[in-house]
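Could you work out the structure for the sequence below:
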Amino acid sequence: MAQDLRSFLDLIKRRKPEEFQIVSKEVDPAYELTALVVKLEREGRRRPVLLFERVKGSKFPVLTNLHASRSRLAAAMGAAPEETQRAYLRAMEKPIAPKVVRTGPVKEVVLTGDRVDLGALPQILHHEGDAGAYVTAAISFAKDPTADVWNCAYNRLQIKGRDTTSIHLTTGKHLWEFHRIAEARGVPLPVALVVGVHPAIALGALAIGSIDEDERAIMGALLGEPLELVPCETSDILVPAHAELVIEAEILPHERTAEGPFGEFTGYSLGERQREVVKVKAITHRRDAIFQDITVAHLDHLLLSTIPIEANLYRAIRAMVPSVKAVRVPGPFTCYVSLEQRVPGQAKNAILAALGADLYVKRVVVVDEDVDVFDDRQVTWAIATRCQPDRDITVITNARGSDLDPSTREDGYTAKWGVDATAKPSLAAYTPRHRVPPAVWQRINLKDFLP
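Numbers count the residues shown, from 1 in each chain. As a prediction, this is how the structure comes out:
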């Protein structure tokens with residue numbers, strides 16, 4: 001499979017040309033890109049990939065809304081839309097190690113020293129109240145300072161100057177750990193921030209596993225071949241050879257700067273915080289690079305993260321409850337699970353497994369296998385008819401959660417809860433559901449009764 005963004009865009013143009021739209025009119029990067037995406041989503045019920053050819057103040061065209069379709073993400077993995085979870089789980093279970101190559105298209109232009117200027121990038125403001133221009137589609141590539149352990153993740157960057165940004169490191173996550181190790185030694189942490197990649201690489205970056213699982217190998221498995229990497233110009237960090245643009249940088253020790261407010265995936269604009277500081281050493285890019293943006297808090301953002309989260313949760317729950325049937329993440333901090341409960345207590349075990357598997361999960365609802373977790377109405381019905389609050393709700397206090405949760409008193413310090421909405425003592429012994437007799441259901445053909 002081709003490993004570059006452009007080849008994937010060509011695939012979309014061939015298969016579903018209506019899903020790729022070029023905007024030739026000049027747009028203002030202050031809010032207009034987000035406004036167009038949201039208007040298409042709400043008023044036209046359309047989610048095309050958008051390529052803005054002329055963005056005020058920058059020579060770079062901007063691509064956004066790439067990930068706003070499950071079928072597009074499935075195509076990036078070479079899978080059918082209904083097979084995305086299985087395809088992702090296969091990649092986690094059978095990773096393919098990356099390989100280093102001498103050079104690649106991302107090295108066509110190399111900017112160092114005084115030629116580094118983040119102001120040349122599109123200065124995109126996403127939502128009213130944002131503190132400044134943000135880079136939202138940057139995937140960090142970094143290495144543990146003490147071991148041959150690598151990490152990839154999405155980290156938002158607020159542009160602070162010609163060669164400086166802030167970076168949002170989620171407390172307790174792997175890049176945060178790497179930086180703390182480097183900071184304890186009084187040295188910066190080298191990092192490369194990669195913008196503009198094939199969606200399989202984007203999906204792999206969001207894999208959730210132990211700190212020694214290499215997301216780059218999951219990217220390779222999703223691509224079906226080893227991910228090709230090239231060394232950075234200013235560090236030993238390896239980056240995708242076919243990316244559009246790479247920002248080579250260091251996260252400084254013992255320095256913090258004001259960051260935010262910024263409108264996040266929760267639908268809220270969280271206030272100013274003190275965040276880590278990034279100093280840029282070099283920028284490399286394709287000669288005609290496309291700058292990729294992710295439309296934060298909309299489908300471009302939410303669908304991309306959902307597929308890896310659901311796969312990881314399924315894997316974690318299956319380790320505890322082999323009879324798990326489906327896992328869905330319907331919204332922020334929330335997980336729905338359906339399972340065949342073969343012995344009492346498995347629903348609660350599933351709750352605990354889900355809460356422990358993902359830092360961000362705060363609410364888990366477990367239902368029987370006859371309830372479709374992709375239908376909110378059925379889940380609500382199960383909670384209403386199979387759950388007694390004093391018996392079936394579990395609350396866990398004083399846990400680590402997301403520092404983007406606006407309901408917490410202290411960043412990331414939260415309570416979590418689980419709802420056992422399974423039938424007790426078992427589905428077979430519970431009050432029977434009413435139904436149309438199966439024989440009648442089979443013989444009724446709507447065409448025989450309605451024109």
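
and Ala182, helix, strand or coil?
helix (DSSP: H, G, I helix; E, B strand; the rest coil).

Please apply the same query to Arg47.
coil.

which residues does it contact?
19, 40-41, 65, 68-69, 299 (CB atoms under 8 Å, 6 or more residues apart in numbering). Heads up, the C-betas are built off the backbone N, CA and C, glycines and all.

Look up how far Leu73 lies from it.
Counting by CB to CB, to the nearest Å, the separation of Arg47 from Leu73 is 12 Å.

is it true that Asp130 touches Pro261?
Yes - counting by CB atoms under 8 Å, Asp130 does reach Pro261; the two are 6.5 Å apart.

Which residue of the two possesses the greater neighbour count?
Neighbour count, other CB atoms under 10 Å: between Asp130 and Pro261, Asp130 has more, with 20 against 17.

pretty sure that one belongs to a strand, no?
No - under the criterion used here (three-state DSSP), Asp130 is coil, not part of a strand.

quick revisit: any shared contact partners between Asp130 and Pro261?
Ser269.

Grab the nearest non-local neighbour of the most centrally placed residue in the chain.
Centroid-nearest residue in the chain: Ser305, 2.5 Å away (criterion: CA atoms, centre = their mean). Distance criterion CB to CB, 6 or more residues apart in numbering; nearest residue to Ser305, sequence neighbours excluded, is Leu206 at 5.5 Å.

pLDDT at the one you found, what is it?
Listed pLDDT for Leu206 reads 94.

give the contact list for it.
Applying CB under 8 Å, 6+ apart to Leu206 gives the contacts 153-154, 304-305, 307-309.

Run through the strands of the stretch 201-350 of the chain in chain order.
Secondary structure of the stretch 201-350 of the chain (DSSP state E, counting those that start in this stretch): strands at 228-231, 238-240, 245-259, 262-263, 269-270, 273-285, 291-292, 324-328, 334-339.

Which strands border the last one, and is each parallel or antiparallel?
What that stands for is strand 334-339. Under the criterion DSSP bridges, strand 334-339 sits next to strand 324-328 (antiparallel), strand 363-368 (parallel) in its sheet.

Repeat that for the fourth one.
On the basis of DSSP bridges, the sheet neighbours of strand 262-263 come out as strand 269-270 (antiparallel).

how far does the partner strand sit from the chain's center?
19 Å (CA atoms, centre = their mean, to the nearest Å).

residues in contact with that strand?
By CB under 8 Å, 6+ apart, strand 269-270 touches 127, 129-130, 260-264, 404, 406.

one more time with 6 Å
For strand 269-270, the surrounding residues in contact (CB atoms under 6 Å, 6 or more residues apart in numbering) are 129, 261, 263-264.

Please report how far the nearest residue to Pro332 once chain neighbours are set aside lies from Gly186.
For Pro332, ignoring the flanking residues on the chain, the nearest one in space by CB to CB, 6+ apart is Thr266 at 5.0 Å. Distance of Thr266 to Gly186, given as CB to CB: 35 Å.

next one: Gly271
Distance from Gly271 to Gly186, by CB to CB: 30 Å.

So between those two, which is more surrounded?
The neighbour comparison of Gly271 against Gly186 (other CB under 10 Å) goes to Gly271, with 12 against 8.

distance between stretch 406-420 and the chain's centre?
For stretch 406-420, the distance to the chain centre is 20 Å (CA atoms, centre = their mean).

Could I get the buried residue list for that stretch?
Using 16 or more other CB atoms under 10 Å as the test for burial, stretch 406-420 gives 412, 414, 416, 418-420.

With stretch 47-61 instead?
In terms of neighbour count (16+ other CB under 10 Å), stretch 47-61 has its buried residues at 47-52, 55, 58, 60-61.

What of stretch 280-293?
For stretch 280-293, burial by neighbour count (16+ other CB under 10 Å) applies to 280-286, 289-293.

is it possible to export the residues you listed to TSV including pLDDT?
Formatted as TSV, those follow (pLDDT from 0 to 100):
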residue	pLDDT
Val280	98
Lys281	98
Ala282	98
Ile283	98
Thr284	98
His285	98
Arg286	98
Ala289	98
Ile290	98
Phe291	98
Gln292	98
Asp293	97
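
out of those, which one sits closest to Glu82?
Gln292 (27.0 Å; CB to CB).

Could you list the low-pLDDT ranges of this protein?
Within the chain, not a single segment meets pLDDT under 70.

Just give the closest residue to Ala423, not the sequence neighbours.
Tyr430 (3.5 Å).

how close does that neighbour get to Asp390?
As judged by CB to CB, Tyr430 and Asp390 stand 19 Å apart.

and what of Gly186?
For Gly186, the distance to Asp390 - CB to CB - is 53 Å.

residues near the residue nearest to Tyr314 when sequence neighbours are not counted, how many?
Nearest non-adjacent residue to Tyr314, counting by CB to CB, 6+ apart: Val327, 4.4 Å away. The local packing of Val327 (other CB under 10 Å) involves 25 other residues.

how close does Val327 get to Gly263?
28 Å.

now Asp358
Distance of Asp358 to Gly263, given as CB to CB: 22 Å.

One more: Ile159?
16 Å.

same check, this time on Arg328
Counting by CB to CB - Arg328 and Gly263 are separated by 25 Å.

So between the two, which is more surrounded?
Arg328 (23 against 20).

Tell me how far the more buried one lies from Thr422.
Distance, Arg328 to Thr422, using CB to CB: 16 Å.

Same check on Val37?
Counting by CB to CB, the gap from Val37 to Thr422 is 39 Å.

More neighbours: these two, which one.
It is Thr422, of Val37 and Thr422, that has more neighbours when counted by other CB under 10 Å, with 28 against 23.

in which helix or strand would I find Leu9?
helix 5-15 (DSSP states H and E).

Outside of that helix itself, list whatever touches it.
By CB under 6 Å, 6+ apart, the surrounding residues in contact with helix 5-15 are 19-20, 196-198.

buried ones in that helix?
For helix 5-15, by 16+ other CB under 10 Å, it's 5-6, 8-9, 11-12.

of the residues you listed, closest to Ser24?
Leu9 (16.4 Å).

hang on, Glu177 in a helix?
Yes - counting by three-state DSSP, Glu177 is found in a helix.

Quick check: closest non-adjacent residue to it.
Glu177 sits nearest to Ile211 (CB to CB, 6+ apart), 6.8 Å away.

Please apply the same query to Thr146.
Once flanking residues are discounted, Thr146 sits nearest to Ile181: 6.0 Å by CB to CB, 6+ apart.
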